[in-house]
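predicted model, plus sequence, below.
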Amino acid sequence: MDLDKIIRELRTEKERLDRVITSLEDLAGTGTVTPLPSPKRRGRKTMDEEERREVSARMREYWRKRKGE
C-alpha cells in the first residue's frame with residue numbers, strides 16, 4: 001500500500017473539488033444557475049386498473065393450477 005500515492009491522489013481530487021465548488025459559487029452569485037433536468041424514470045411501468053385486473057386473474061388461475069397438483 002503506497003500511502004504517498006494515495007495522498008497525492010486525494011490532494012489532486014481535493015483541488016479539483018475546490019475548483020468545482022468555486023465555479024458553482026460564482027454561478028450562484030450571478031443568478032444564472034439553471035436547474036438540473038429531472039431524471040428519466042426507469043424501472044417498471046405503471047399499470048392501469050384494467051391491466052391490474054388481468055394480471056390478478058392470471059395469477060389466481062396460476063395458483064389454482066399449482067395447488068391442484
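Arrived safely.

any idea which helix or strand comes after the top helix by length along the chain?
What stands out as the longest helix in the chain, according to DSSP state H, is helix 3-30. Remark: after helix 3-30, the chain's next helix or strand is helix 49-68, criterion DSSP states H and E.

what comes into contact with that following helix?
Outside helix 49-68, the residues within contact range by CB atoms under 8 Å, 6 or more residues apart in numbering are residue 47. Every C-beta, even on glycine, is put in place using the N, C-alpha and C of the backbone.

and if we set it to 6 Å?
Residues outside helix 49-68 that contact it (CB atoms under 6 Å, 6 or more residues apart in numbering): none.

just the CA trace of it, in PDB.
Taking C-alpha atoms only, helix 49-68 is exported to PDB below (Å, rounded to 0.1, in the frame of the first residue of the first chain):
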ATOM      1  CA  GLU A  49     -56.800  -0.700 -13.400                       C
ATOM      2  CA  GLU A  50     -57.700  -3.000 -16.300                       C
ATOM      3  CA  GLU A  51     -54.100  -4.400 -16.600                       C
ATOM      4  CA  ARG A  52     -54.100  -4.900 -12.800                       C
ATOM      5  CA  ARG A  53     -57.300  -7.000 -13.100                       C
ATOM      6  CA  GLU A  54     -55.900  -9.100 -15.900                       C
ATOM      7  CA  VAL A  55     -52.700  -9.900 -14.000                       C
ATOM      8  CA  SER A  56     -54.700 -10.700 -10.900                       C
ATOM      9  CA  ALA A  57     -56.900 -13.100 -12.900                       C
ATOM     10  CA  ARG A  58     -53.900 -14.700 -14.500                       C
ATOM     11  CA  MET A  59     -52.200 -15.200 -11.100                       C
ATOM     12  CA  ARG A  60     -55.400 -16.600  -9.500                       C
ATOM     13  CA  GLU A  61     -55.500 -19.200 -12.300                       C
ATOM     14  CA  TYR A  62     -51.800 -19.900 -12.000                       C
ATOM     15  CA  TRP A  63     -52.100 -20.600  -8.200                       C
ATOM     16  CA  ARG A  64     -55.300 -22.600  -8.700                       C
ATOM     17  CA  LYS A  65     -53.500 -24.900 -11.000                       C
ATOM     18  CA  ARG A  66     -50.400 -25.000  -8.700                       C
ATOM     19  CA  LYS A  67     -52.400 -26.000  -5.700                       C
ATOM     20  CA  GLY A  68     -54.300 -28.600  -7.700                       C
END
